[in-house]
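[1] fold the following for me, if possible:
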Amino acid sequence: MTLRWLSTQLWRHRVMGLLLTLAVTVVLMLLATQSLQNTRGHNVRPSGERKQQKGHDHKYPPAGPGSAPRHMVSSTEGVKKRLLPTAEPVNHAIKRRRNPPPVAFLKTHKTGSSTVQNLLFRLGEREKATFAFPYYTYQFSYPERFRAEFVDKLPEGSSQFDLLCSHMRLDLSQLRQVMPPNVVLVTILREPLRTFESVFSYYTSSVPAFSRAKQAATRPGNKDRTALSVFLEDPESFWDPKEPRDGLAKNPMSFDMGLNNEEWNASWPEDLSHLEEAFNLVMIAEHFDESLVLLGALLGLEPQDLAYVRMNARHSSDMTMLDDDARAKLRSWNALDSLLYDFFLQEFWAKAEHFGLDRLKTRVAELRASTEKIRSKCVSRAAVHPSELEDLVRPWQTDTATVLGYEVKRNLSLEDQGFCVRLVLPELQYHSHLYFQQYGRDMRAMPADLHSA
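    Here you go, the predicted structure:
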């Protein structure tokens, strides 16, 4: 009897000890998980990477237009393998789903398109959209014309692609093979002279025609002349129409839109007519807020959904002031872009009048007030030199332009931090994050043979 009682007591104590050990283990696991989440939420640097020394130039080898250098595919490893904090709007009253229609955004070069892309990335992530991503890296085999085969496979459980907004050269028939019939097609254009100046500055070392002009500018006879002025003196001598990488060297917006960018021909009026019929909205960079209001009306969005910061802004020292002579030469060299821009500027104001100009003015004021409130909540510093930025929010730099970024405020809640980081997140980092989130793996680097083709 005594032995049986003693055995029972020992068994009870043993069970209680095991339960106590299990409970302590669970508590420690929960504490460790919470600690890890806090670390991920407040330290925005990808693991294994350090903030660059202040004053470093952060210049990288040149890469093709619309693409990133090969080393950038791996440099965002931390972004892809560590999901960002959960994104919630700063105004928690707008958590409801919008269920917008599918969207294809033609991301034109140096027109403000990265700002629109960031907005669409945030919208798509919030709405759990299925993104049509490039099969390789960040763009659809640019400067080749878009083909359906350039798109990565549809993820399991998805019935259609909802959002496409990576760089491509447009081919409407191929695009329609990828996106649903009810897709909303959008792009953005910018005043052609400023567009070309920006394209030249950003891609001086990667567009062959620009590189040749840069080299020519170093010759003794061109002392104190900019590479752009040397190029404009005789652009035909630098530009090779048979070189695909020179597509941005003449009428770059026409090139991105899939048009003949070399010279006017008989098909241009018909091609413009087809584009007018295909695009639901062609935004205008010089009327950006008005454009966003019209975009919001198409997609059923509120002013808070359209809040933005200007992405990929260059340092003022990298901008070339255009005198009358340079402007005249630029206008002559980019005559087709001027025609394209003027045509769609008229179309834009026709849509604005249909929307109602007074109504548009009111909505723009609401958008600006909402955007300013969110910027004030999220951004501690704007126009920050890349040497002062954390790895996660540092824009990709070229060797000819310093691209500025934003510093996010500290001491935000985890939810607000997730929203605010996304608001300022550069294109390559956000692309990497969304791709990993959708496919559970890293993006594919461009094979060496295709990269050099």
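
[2] ok, and the closest residue to L404 other than its chain neighbours, which helix or strand is that part of?
    Among residues not flanking L404 along the chain, A383 sits closest, at 4.7 Å (CB to CB, 6 or more residues apart in numbering). Every C-beta, even on glycine, is put in place using the N, C-alpha and C of the backbone. Per DSSP states H and E: A383 is located in strand 379-384.

[3] what about that strand, average pLDDT?
    Average pLDDT, strand 379-384: 98.

[4] same check on stretch 189-196?
    98.

[5] still on that earlier bit, what pairs with the strand holding A383, and is each one parallel or antiparallel?
    Here strand 379-384 is paired, per DSSP bridges, with strand 405-408 (antiparallel).

[6] just checking, which helix or strand succeeds the strand it pairs with along the chain?
    As the chain continues past strand 405-408, the following element, by DSSP H and E, is helix 414-424.

[7] specify the angle between the helix or strand following that next one and helix 414-424 in degrees.
    Toward the C-terminus, helix 414-424 is succeeded by helix 427-439 as the next helix or strand (DSSP H and E). Inter-element angle recorded for helix 427-439 and helix 414-424: 120 degrees (by axes from the mean of the first three to the mean of the last three CA atoms, to 10 degrees).

[8] what comes up buried for helix 427-439?
    Buried residues in helix 427-439, counted by 16 or more other CB atoms under 10 Å: E427, L428, Q429, Y430, H431, S432, H433, L434, Y435, F436, Q438, Y439.

[9] what kind of secondary structure is the residue nearest to N251 when sequence neighbours are not counted in?
    Leaving aside its chain neighbours, N251 sits nearest to N261 (3.9 Å; criterion: CB to CB, 6+ apart). Under DSSP: H, G, I helix; E, B strand; the rest coil, N261 falls in the coil class.

[10] now do N261, the pLDDT please.
    For N261, the predicted pLDDT is 96.

[11] that one contacts D246, correct?
    No. Using CB atoms under 8 Å, N261 is not in contact with D246; the gap is 9.8 Å.

[12] quick one on the thing from earlier: pick the one among the buried residues of helix 427-439 closest to D305.
    Y430 (16.5 Å; CB to CB).

[13] still on that earlier bit, looking at the buried residues of helix 427-439, which two lie furthest apart in space?
    E427 and Y439 (18.1 Å).

[14] what's the nearest residue to L336 once chain neighbours are set aside in contact with, if anything?
    In this structure, L336 finds its nearest non-sequential neighbour in N251, 4.3 Å apart by CB to CB, 6+ apart. N251 is in contact with L259, N261, E262, N334, A335, L336, D337, L340, counting by CB atoms under 8 Å, 6 or more residues apart in numbering.

[15] neighbours of the first one, how many?
    Going back to what we said before, that points to L259. 23 (other CB atoms under 10 Å).

[16] next: the one 5 residues further on.
    Number of residues near W264 (other CB under 10 Å) recorded here: 11.

[17] the nearest residue to it once chain neighbours are set aside: neighbouring residues, count only.
    Leaving out its chain neighbours, the residue that sits closest to W264 by CB to CB, 6+ apart is L336, at 6.5 Å. L336 has 23 neighbouring residues, counting by other CB under 10 Å.

[18] which other helices and strands does the helix or strand in which L336 is found contact?
    Under the criterion of DSSP H and E, L336 resides in helix 335-355. In terms of contacts (3 or more CB pairs under 8 Å, 6 or more residues apart in numbering; DSSP states H and E), helix 335-355 is packed against strand 184-189, helix 192-202, helix 252-256, helix 268-278, strand 281-284, helix 288-299.

[19] quick one, which of those is packed in tightest?
    Scoring these by mean neighbour count under mean count of other CB atoms under 10 Å gives helix 252-256 as the most buried, with a mean of 27.

[20] that one - what's its average pLDDT?
    Per-residue scores along helix 252-256 average to 98.

[21] can you check stretch 144-153 too?
    98.

[22] what about that stretch, distance to the chain center?
    How far stretch 144-153 lies from its chain's middle: 18 Å, per CA atoms, centre = their mean, to the nearest Å.

[23] next one: stretch 321-329
    30 Å.

[24] which parts of the stretch 101-250 of the chain are strands?
    103-106, 163-164, 184-189 (DSSP state E, counting those that start in this stretch).

[25] distance check, Y136 against A448.
    12 Å (CB to CB, to the nearest Å).

[26] neighbour count for these two, which is higher?
    Counted by other CB under 10 Å, Y136 and A448 do not tie: Y136 has more neighbours, with 19 against 9.

[27] where does the stretch 51-200 of the chain have low pLDDT?
    Scanning the stretch 51-200 of the chain for pLDDT under 70 picks out 51-98.

[28] one more time with 90, if that's ok
    51-99 (pLDDT under 90).

[29] please enumerate the helices of the stretch 101-250 of the chain.
    113-126, 172-178, 192-202, 208-216, 227-233 (DSSP state H, counting those that start in this stretch).

[30] and of those helices, who's closest to L322?
    helix 192-202 (6.3 Å).

[31] what angle do the closest one and helix 335-355 make?
    Computed by the same axes, to 10 degrees, the angle between helix 192-202 and helix 335-355 is 120 degrees.

[32] on contacts alone, who are the packing partners of helix 192-202?
    helix 227-233, helix 252-256, helix 324-333, helix 335-355.

[33] between those helices, which one is closest to E290.
    When these are compared (using CB to CB), the closest one is helix 335-355, at 6.3 Å.

[34] in the stretch 351-453 of the chain, what spans have low per-residue confidence?
    Using pLDDT under 90, the stretch 351-453 of the chain drops low at 446-453.

[35] roughly how far apart are K128 and G157?
    11 Å.

[36] more neighbours: the two, which one.
    Between K128 and G157, counted using other CB under 10 Å, K128 has the larger neighbour count: 11 against 6.

[37] give me the neighbour count for the residue nearest to L404.
    Neighbour tally, A383, other CB under 10 Å: 12.

[38] again, but for G247
    23.

[39] that one reaches N261, doesn't it?
    Yes. At 6.7 Å, G247 counts as touching N261 under the criterion of CB under 8 Å.

[40] right, and K329 touches D234 too?
    No. With contact defined as CB under 8 Å, K329 does not count as touching D234 (10.0 Å).

[41] more neighbours, the two?
    K329 (19 against 12).
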